[in-house]
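Asker: Here is my input; please provide its structure:
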Amino acid sequence: MQMTPEKKETPSSEEARPSSEPKLEEEKKTENRIESDPVRPVIAAVLSLVFAGLGHLYLRKWGRGVSILFVAAFLFKISGYSPRAMMLNVVLFVFSAFDAFSFGKRGHGIV
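Answerer: Numbering: from 1, shown residues only. Okay, the predicted model is just below:
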């Protein structure tokens, strides 16, 4: 009589995972993506329309938020409140709003 070795089955990764950690928490924990909350992108866009860069700070994108805030403050200072120069700020605010919305929705910005 031949003896065949018994195969030991290794538990799959789903079985090895403790049941206390649900799969949803793993999906939310990614390095570059913001948690998928449907209201966060809208709040970030509105904050960026109030003042450029605030939406990025709300999304905790510190480097981009501070740099956009600096550029917006600089443009306000040099514009002298002339209508033509203020258009640069309007363009920056709209860009910042779209970029913050994109960060909140997709996890990466426009640029």
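Asker: got any ranges where the protein has weak pLDDT?
Answerer: Where the chain drops to pLDDT under 70, the residues are 1-36.
Asker: report the longest helix in it, please.
Answerer: Assignment by DSSP state H gives helix 83-106 as the longest helix of the chain.
Asker: So which bits of that helix are buried?
Answerer: 89, 92-93, 95-97, 99-105 (16 or more other Cβ atoms under 10 Å). Every residue, glycine included, has its C-beta placed from N, CA and C.
Asker: ditto for stretch 48-60
Answerer: Buried-residue list, stretch 48-60, by 16+ other Cβ under 10 Å: Ser48, Phe51, Ala52, Gly53, Leu54, Gly55, His56, Leu57, Tyr58, Leu59.
Asker: Kindly report the same for stretch 67-76.
Answerer: Going by 16+ other Cβ under 10 Å, stretch 67-76 has these buried residues: Ile68, Leu69, Val71, Ala72, Leu75, Phe76.
Asker: And the helices in this structure?
Answerer: 13-16, 23-28, 40-50, 54-58, 62-79, 83-106.
Asker: hmm, who's touching the longest one?
Answerer: By Cβ atoms under 8 Å, 6 or more residues apart in numbering, the list of residues contacting helix 83-106 from outside reads 33-34, 40-49, 51-53, 55-56, 58-59, 61, 64, 68, 71-72, 75-76, 78-79, 108-111.
Asker: CA-only coordinates of stretch 57-71 in PDB, if you can.
Answerer: The C-alpha coordinates for stretch 57-71 follow below in PDB (Å, rounded to 0.1, in the frame of the first residue of the first chain):
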ATOM      1  CA  LEU A  57      -6.200  73.000   3.500                       C
ATOM      2  CA  TYR A  58      -9.600  71.400   4.300                       C
ATOM      3  CA  LEU A  59      -8.500  68.300   2.400                       C
ATOM      4  CA  ARG A  60      -5.200  68.300   4.300                       C
ATOM      5  CA  LYS A  61      -3.100  69.000   1.200                       C
ATOM      6  CA  TRP A  62      -0.900  71.300   3.100                       C
ATOM      7  CA  GLY A  63       1.800  72.100   0.500                       C
ATOM      8  CA  ARG A  64      -0.500  72.900  -2.300                       C
ATOM      9  CA  GLY A  65      -2.900  74.800   0.000                       C
ATOM     10  CA  VAL A  66      -0.300  77.100   1.400                       C
ATOM     11  CA  SER A  67       1.300  77.700  -2.000                       C
ATOM     12  CA  ILE A  68      -2.000  78.700  -3.500                       C
ATOM     13  CA  LEU A  69      -2.800  80.900  -0.500                       C
ATOM     14  CA  PHE A  70       0.500  82.600  -0.900                       C
ATOM     15  CA  VAL A  71       0.000  83.200  -4.600                       C
END
